[in-house]
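# Predicted model and sequence follow; I will ask about them next.
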Amino acid sequence: MTMSRNTLIAAFSEDHVERLTGLTKGQLKSWDRAGFFAPRYAYEDRHAPYSRVYSFQDVVGLRTIAVLMKHYRISLQQLRKVAQELIRRGYGHWAEVKLYVLKRQVYFRRPKSSEVEGVWDGQLAMVPVIDVINDVESRVRELKKRDDSQLGHIERHKHVVRNSTVVAGTRIPTAAIRRFKEAGYSIQQIVKQYPTLTVKDVQAALVHEEGLARSA
């Protein structure tokens, strides 16, 4: 890979994930409620704004699922079975295993082996791997592009993150940054979660949120 994953955005909103994976926010919410795919940084109260925040690994897993559904026509019912079987076999996340497809059936490589094992019937098949990490990294790079004049500023545009205040040039809500601060994250730690942001961006977002709190 040409870019270290440590330099990528580490936390993604539902709007980010929708753009990066091609899935809808409705699907993300439905899968979370059903226990099929929960975001890593989810708040217990899912009704609160911006309560679902996804990791890079989450995005890779969701993009993999999107590819399976849209390009290989794997049904959600089948994917639920795959998820259950992967958990049974000790995989904690979709992004931890390379998946293969043959005739609308999903397969994965046996641990410490070059063989590819069928999830349900054990049948072996050597087929092209679904490797979406590079694709996701490329999409994330596009999210990171910003003009220097936007640094350290916030903005609000109609139809952008439901008309919420965001860091200028991004779709990162200032409320999401406040939530990380309330969870005990320092400014530097927040920047680590959102490498597309600068210290000035985070400070501007927190000043804005503090102003809203005082005027409430």
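Cool, the structure landed.
# Domains in the chain, by residue range?
The chain breaks down by automatic domain parsing into domains covering 5-139, 146-215.
# ok, then the element right after the helix or strand of the chain with the lowest mean pLDDT?
Across the helices and strands of the chain, the lowest-confidence element by mean pLDDT, DSSP states H and E is strand 129-130, at a mean of 67. Tracing the chain C-terminally past strand 129-130 and defining elements by DSSP states H and E, one meets helix 133-144 next.
# List the strands paired with the very next helix or strand once past that following helix, with their directions.
Past helix 133-144, heading to the C-terminal end, the next element that is a helix or strand (DSSP H and E) is strand 154-155. With DSSP bridges as the criterion, the sheet partners recorded for strand 154-155 are strand 166-167 (antiparallel).
# So what touches the strand it pairs with?
Contacts of strand 166-167 from elsewhere in the structure, counted by CB atoms under 8 Å, 6 or more residues apart in numbering, are 153-157, 160, 172-174, 177, 197, 201, 204-205. C-beta: built from backbone N, CA, C; applies to glycine.
# mind putting those residues in a markdown table, neighbour count, secondary structure and distance to residue 140 included?
Formatted as a markdown table, the entries for these read as follows, by neighbours: other CB atoms under 10 Å; DSSP: H, G, I helix; E, B strand; the rest coil; distance: CB to CB, whole Å:
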| residue | neighbour count | secondary structure | distance to residue 140 |
| --- | --- | --- | --- |
| 153 | 14 | coil | 22 |
| 154 | 20 | strand | 22 |
| 155 | 13 | strand | 21 |
| 156 | 12 | coil | 24 |
| 157 | 12 | coil | 21 |
| 160 | 15 | coil | 18 |
| 172 | 29 | coil | 13 |
| 173 | 23 | strand | 18 |
| 174 | 24 | helix | 21 |
| 177 | 30 | helix | 18 |
| 197 | 25 | coil | 14 |
| 201 | 27 | helix | 17 |
| 204 | 20 | helix | 22 |
| 205 | 30 | helix | 20 |
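# Lowest pLDDT pick from those?
Among the contacts of strand 166-167, residue 160 has the lowest pLDDT, at 59.
# just the contacts of strand 166-167 now: which is nearest residue 123?
For residue 123, the closest of those turns out to be residue 172, at 44.8 Å, with distances computed as CB to CB.
# The closest one against residue 194, yeah?
Yes: Residue 172 lies in contact with residue 194 (CB atoms under 8 Å); the separation is 6.0 Å.
# which residues does residue 11 contact?
41, 53-55, 176, 180, 193-194.
# Look up phi and psi at it.
Per-residue torsions, residue 11: phi -140, psi 130 (degrees, to the nearest 10).
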